[in-house]
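> This is the structure alone, sequence omitted:
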């Protein structure tokens, strides 16, 4: 007894009609004189005057008023406006960048990498090295050991190639 029951939403389903074609768009009209066509003599042979754009005019106005703006900022900063003061200070003083503090602890740079990491962990445990600085030192040790492994592998490959060339 296998009867197929169609879903209720499929009873009145029909194909959608195709979309109506859009009317062709008119070409955008170019700026300027519509009576002028390519090949005619230019109505403005000298071209645009230098410095006549809105941006150039605005820049000139800003430069003319720059001294007044700076004087106003300084006077507001002297009155106690913290925004003006911070704007002035951000322009005249370099921003302070975070630097890691210097640490001193017993460290044997000739020891294997695993012992060097153990020395750093011991210094972190003793409290002579902060944990974040210790992490940076451990990362530097692991980077250096990866470089050393690559160099040793390269030297071994060169030695094997030299030995195989001597046999052939």
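In hand now; what should we look at? Quick caveat: nothing in here was measured; it's all calculated off a predicted structure. Numbering: from 1, shown residues only.

> From now on I want contacts and neighbour counts done on CA atoms only, so please keep to that.
Fine.

> quick one: low-confidence ranges for the protein?
Low-confidence segments of the chain (pLDDT under 70): 1, 10, 30, 51-52, 168.

> Quickly list the domain ranges of it.
For the chain, whose domains are defined here by automatic domain parsing, the residue ranges read 54-92, 113-163.

> can you redo those as TSV with distance to residue 38 and mean neighbour count?
Compiled in TSV, these are given as follows (distance: least, CA to CA, whole Å; neighbours: other CA atoms under 10 Å):
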stretch	distance to residue 38	mean neighbour count
domain 54-92	27	12
domain 113-163	67	14
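
> give me every residue that touches the residue nearest to residue 73 when sequence neighbours are not counted.
The spatial neighbour of residue 73 that comes closest, neighbours along the chain excluded (CA to CA, 6 or more residues apart in numbering), is residue 84 at 5.6 Å. Listed by CA atoms under 8 Å, 6 or more residues apart in numbering, the contact partners of residue 84 are 73, 74, 76, 77.

> Take these and keep only those in helices.
Residues from these lying in helices, with DSSP state H as the criterion: 73, 74, 76, 77.

> any idea which of the residues you listed is closest to residue 32?
For the ones in helices among the contacts of residue 84, the residue nearest residue 32 by CA to CA is residue 73; the value is 43.6 Å.

> What distance do you get for the closest one to residue 85?
As defined by CA to CA, to the nearest Å, residue 73 lies at a distance of 8 Å from residue 85.

> go on, residue 126?
When CA to CA is applied, the distance between residue 126 and residue 85 equals 44 Å.

> Give me the three-state assignment for residue 62.
Assigned state for residue 62: helix (three-state reduction, DSSP: H, G, I helix; E, B strand; the rest coil).

> for residue 104, same thing?
Going by three-state DSSP, the state assigned to residue 104 is coil.

> How many residues are close by it?
Each residue near residue 104 was counted by other CA atoms under 10 Å, and the total is 8.
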